[in-house]
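Visitor: Below are the sequence and a predicted model; questions follow.
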Amino acid sequence: MHLAIQPRCNPLFAMGSEGGEETAVLVGEVPFPPQIALTSNPLRLLGYGITEIEIHFLQIKLTAIGIYLDPEILTHLQRWKGKSGGDLAKEDEFFHDVIAAGVEKVVRVVVIKEIKGAQYGLQLETAVRDRLADEDKYEEEEEEALEKVAQFFQSKYLKRDSFFTFHFPSTTATATTPSLEIALTEEGKEESRIQVENNNVAEAIQKWYLGGSRAISDATISSLADHLAVELSK
């Protein structure tokens, strides 16, 4: 499946406030809370966008993406202070620093167009395997870990508004904390989860969503660059 990624564009959202509280951010008509907390640490929504596929010259929205980061990440990005969002969006080294920062991160992906889990799992598996192979990091351990992730999605049918969460814990967490936990939430069903212990696979999945020019959504990368540029200017 070929993804036609949305180019750098006007903001995809509308944010307001009511009674001093921020309302949800709308991304392709999908609401994202301005902050979430999977642990005791609240994370802020600092990037968002969509993925699309082109079918007979029509752009079909597939998923909406929200990137939640610990605000502590700004201390790891100080060398980029003063750069504009447009400049940062072109700097893969900047996104390398975002990924390398050992702070808690969450990528939430909401389904807009129904899709078989096996199809999404294959897309993720192929992208991650190719990236690891390019970096000469694809060994038997990575193959086994990636296969488990693909199998997690295999039997699922991802209906509209179901969502999955990629949770990357802080690197200062306990030794028993996995490198990544993936949770799938579907209406009327119990949440299902899988833990990824392999650091290389977890990092490659993070790069798939946060990896600059090689990430899955240009719109999300541009949004993340714009928001972090504003935060760094404060």
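Guide: Looks like it came in fine.
Visitor: Which SSE is immediately downstream of the longest helix seen in the chain?
Guide: For the chain, the longest helix by residue count, based on DSSP state H, is helix 117-134. As assigned by DSSP states H and E, the chain's next helix or strand after helix 117-134 is helix 140-154.
Visitor: for that following helix, what is the average pLDDT?
Guide: The pLDDT scores in helix 140-154 average 95.
Visitor: Then stretch 68-87?
Guide: Here the average pLDDT along stretch 68-87 is 97.
Visitor: And for that stretch, what's in contact with it?
Guide: The contact list for stretch 68-87 (Cβ atoms under 8 Å, 6 or more residues apart in numbering) reads 8, 35-36, 41, 43-47, 88, 91, 94, 97-98, 100-101, 103-108, 170, 222, 225-233. Using the backbone N, CA and C atoms, a C-beta is placed for each residue, glycine as well.
Visitor: and with 6 Å instead?
Guide: Residues outside stretch 68-87 that contact it (Cβ atoms under 6 Å, 6 or more residues apart in numbering): 36, 43-46, 94, 97, 101, 103-106, 225-226, 229, 231-232.
Visitor: before we move on, the earlier item: what is the orientation angle of the longest helix of the chain with helix 140-154?
Guide: Calculated by axes from the mean of the first three to the mean of the last three Cα atoms, to 10 degrees, helix 117-134 forms an angle of 160 degrees with helix 140-154.
Visitor: What's the separation between the spatially most central residue of the chain and Gln59?
Guide: By Cα atoms, centre = their mean, the chain has its centre lying nearest to Val107, at 3.5 Å. For Val107, the distance to Gln59 (Cβ to Cβ, to the nearest Å) stands at 22 Å.
Visitor: likewise Asp92?
Guide: To Gln59, Asp92 is 26 Å away according to Cβ to Cβ.
Visitor: Please apply the same query to Leu210.
Guide: 23 Å.
Visitor: more crowded one of the two?
Guide: Taking other Cβ atoms under 10 Å, Leu210 and Gln59 do not tie; Leu210 has more neighbours (22 against 12).
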